[in-house]
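# Provided below for reference: sequence and predicted model.
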Amino acid sequence: MLVIGIAGGTGSGKSTVARSIIDELGTKNVTLICQDNYYADRSELSMDERAKINYDHPNAFENELLLKHLGELRKGREIQVPIYDFTQHARSSETLHILGTPIIVIEGIHVLTDEHLRKALDIKVFVDTDPDVRILRRIMRDTNERGRSLESVVDQYITTVKPMHDAFIEPSKKYADIIIPEGGENEIGIRLLTTLTESYMDTLLTDLN
């Protein structure tokens, strides 16, 4: 099994890069796990209390569960991935049933900031995109998909998103094996990554034969 971690700031294009691997090799060979689904469950708190949590800090994630699930996949076992409801700032009662595949892609802002998670990755990728582009993408996503107001998105960006990016996410770039500037717009960088995964698949098939 090959495990690829794709990190980068909010709106950098991580999901686009991850999907490019899936498009190239297919869902039978690639499983995508989003770190966002592993936000710690705070359902015991009130909605007002949950809304005040700093969701851009590394401690907002339950990486221990993510690592446990990754270990289960390496053993050929199935897992139940949590589903996070961003409109409620809490986990849904439903889960996502996932089977192991030859390639696992883990995508999220803090994939490279956690030392234990880094050690579990075979290829570490950082998607590096201009801050102006990232904030515009976040505004579009949060207002259209997560029911947020423009004022709340801008306020969160200023108070937590940018400070946490500067403190944790940007410095984690030094751990990357591959840096892809401009995310989904960088066709050459994406092609390099997909070529690596294709090479792994070819080697795997050769060994099986």
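Structure received.
# what's the distance between the closest residue to residue 65 other than its chain neighbours and residue 174?
Once flanking residues are discounted, residue 65 sits nearest to residue 38: 5.9 Å by C-beta to C-beta, 6 or more residues apart in numbering. Glycine gets a C-beta too; all of them are placed from N, C-alpha and C. Taking C-beta to C-beta, to the nearest Å as the measure, residue 38 falls 23 Å from residue 174.
# show me what counts as buried in the longest helix seen in the chain.
As assigned by DSSP state H, the longest helix anywhere in the chain is helix 187-208. Of all the residues in helix 187-208, those buried under the rule 16 or more other C-beta atoms under 10 Å are 189, 190, 193, 194, 196, 197, 198, 200, 201.
# got it, and stretch 126-140?
In stretch 126-140, counting by 16+ other C-beta under 10 Å, buried: 126, 127, 128, 129, 131, 133, 134, 135, 137, 138, 139.
# dump that stretch to PDB, keeping only the CA atoms.
Output in PDB follows, covering the C-alpha atoms of stretch 126-140 (Å, rounded to 0.1, in the frame of the first residue of the first chain):
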ATOM      1  CA  PHE A 126       2.500  20.400  -0.200                       C
ATOM      2  CA  VAL A 127       0.200  22.500  -2.500                       C
ATOM      3  CA  ASP A 128       1.500  26.000  -2.400                       C
ATOM      4  CA  THR A 129      -1.000  28.700  -3.700                       C
ATOM      5  CA  ASP A 130      -1.100  32.500  -3.400                       C
ATOM      6  CA  PRO A 131      -2.900  33.700  -0.300                       C
ATOM      7  CA  ASP A 132      -5.200  36.000  -2.300                       C
ATOM      8  CA  VAL A 133      -6.400  33.100  -4.400                       C
ATOM      9  CA  ARG A 134      -6.900  30.900  -1.300                       C
ATOM     10  CA  ILE A 135      -9.100  33.400   0.600                       C
ATOM     11  CA  LEU A 136     -11.300  34.000  -2.400                       C
ATOM     12  CA  ARG A 137     -11.800  30.200  -2.800                       C
ATOM     13  CA  ARG A 138     -12.600  29.900   0.900                       C
ATOM     14  CA  ILE A 139     -15.200  32.600   0.700                       C
ATOM     15  CA  MET A 140     -16.900  30.900  -2.300                       C
END
